[in-house]
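A.B. asks: the following block contains a protein sequence and its predicted model.
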Amino acid sequence: MKTVKAEKTTDHLPKEIMEEILCRLPVKPLSRFKCVSPSWRSLISSKQFIKTHLQRSKKIESFADQRIILACKGKLKACSLSSLLTESVIRVDSFDFFPMNSSNDIVIVGSCNGLICVLVDKCRFFLLNPSTRESKELPDFFTGAMFPKNLGSISAYGFGFDESSGDYKICAVCYSMLVFGLNVTFPRTVRVYSLKADSWGVSSLFYKLDICLHGAAKFMSGKFHWISDFLTDPKWEVVCFDLKSETFGTVKQPSCMEGYKRPSLGVLEGCLCVFSNYSPTDTIDVSIWNEYGVEDSWAKYVTIPYQSINNYVAPLLVLPTGEVLFTCGSDFFIYNKRDNCVRRQHTVNFDRDRDRDREAEVYTESLVSLVLED
């Protein structure tokens, strides 16, 4: 009877107005409203509604629909980004719906459109939508790979959305150790996972043998990006992987970052950035690529004296005020460029963890499903 009444109360409203009203609501009530009627379920589950809702959520300057996720000591935890920025002390939530949320080794591969990809125990990939409490273990990476699991280790990975095919993809680089008598070789292979196909593609050899890739890629302009380590050269460059063509390429080292050691990548204001905590000037410097693909469009974005933070930090996002939110493991800092001041944001229940590989991710709550339809 309730369902019939609910449908009747909305019959007099034009469909466009009803969509506009529902599109402004958070994910949790929308998930419940699917039970109101078949027509509401059909609308809220439609690809166009999910896309429009996501686009609107990303534009909210209060960050009401955005959250920060962090892997700390084998657990995935998250907190409201809005609360982190406005409240003096905030609590965080654990992902109790995720069955592997007690692993000794869990790394965030990346986030895209509300979906989170994680790597557990260096060999098992999972996709999650924390907002809808969905989770999915992906097929075994090593099934059908060039080398068995006991000879390989997944060391580099990235997660993103391929606009050209409407597909979510993961790129994973596996390092192997092969011994032939006295000769030891370390071949590197690459595989790409497609959510639409729910399978890993054919293994291929990595395109350069003198380059090592490590950790999670930064996704920008349809490409994954890593900082490369050369085995025989102290210089570094940015290695990118195009999701559409599934090919590798390189970006030259920005001239403004010459002389910097152990650089890292980030994304600020929709642009790729490079930062280093080991600069020649004893500062934490962030340079931003203002126009992707144009080599001379790199520029210094912000410089922070070491004494202001005195630890490894990574830029997370730029606030509407122009301030920059940084993360140091499970610690968060906000830097004000105008007065050169740093303040710390306090959290409760984020286990203290300053591992530089445990960087935080910002994600937007969404209705995106783990089951893609053509």
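C.D. replies: Noted; the coordinates are in hand. Numbers count the residues shown, from 1 in each chain.
A.B. asks: which regions of the stretch 101-250 of the chain sit below the pLDDT cut-off?
C.D. replies: Judged against pLDDT under 70, the low-scoring parts of the stretch 101-250 of the chain cover residues 101-104, 177-187, 207-210, 230-234.
A.B. asks: try it again at 80.
C.D. replies: Scanning the stretch 101-250 of the chain for pLDDT under 80 picks out 101-104, 144-152, 176-188, 205-212, 229-236.
A.B. asks: mind jotting down where the helices sit in it?
C.D. replies: For the stretch 101-250 of the chain, no helices are identified by DSSP state H, counting those that start in this stretch.
A.B. asks: now do the stretch 251-374 of the chain
C.D. replies: 306-309.
A.B. asks: remind me which residues of it are low pLDDT?
C.D. replies: Within the stretch 251-374 of the chain, the segments meeting pLDDT under 80 span 255-262, 276-283, 305-313, 328-330, 346-359, 373-374.
A.B. asks: measure Arg338 to Thr86 for me?
C.D. replies: The span separating Arg338 from Thr86 equals 19 Å under the rule CB to CB, to the nearest Å. In this view, the C-beta of every residue, glycine as well, is placed from N, C-alpha and C.
A.B. asks: tell me which helix or strand Pro29 sits in.
C.D. replies: Assigning secondary structure by DSSP states H and E places Pro29 in helix 27-33.
A.B. asks: other SSEs contacting that helix?
C.D. replies: The criterion is 3 or more CB pairs under 8 Å, 6 or more residues apart in numbering; DSSP states H and E, and the helices and strands that helix 27-33 contacts are helix 38-45.
A.B. asks: quick revisit: more neighbours, Arg338 and Thr86?
C.D. replies: When Arg338 and Thr86 are compared for neighbours, Thr86 comes out ahead with 12 against 8, by other CB atoms under 10 Å.
A.B. asks: which residues does that one contact?
C.D. replies: Residues in contact with Thr86 (CB atoms under 8 Å, 6 or more residues apart in numbering): none are found.
A.B. asks: so what pLDDT did it get?
C.D. replies: If you check Thr86, the pLDDT there is 85.
A.B. asks: going forward, the N-terminal residue is numbered 5.
C.D. replies: Done: numbering now begins at 5, and the last item shifts to Thr90.
A.B. asks: that one and Ala68, how far apart?
C.D. replies: With the distance defined as CB to CB, Thr90 ends up 11 Å from Ala68.
A.B. asks: count of neighbours near Ser66?
C.D. replies: Other residues close to Ser66 by other CB under 10 Å number 11.
A.B. asks: ok, the one 10 residues further on next?
C.D. replies: Cys76 has 20 neighbouring residues, counting by other CB under 10 Å.
A.B. asks: secondary structure element for His57?
C.D. replies: Using DSSP H and E, His57 falls within helix 51-62.
A.B. asks: that's all I had, so thanks and see you.
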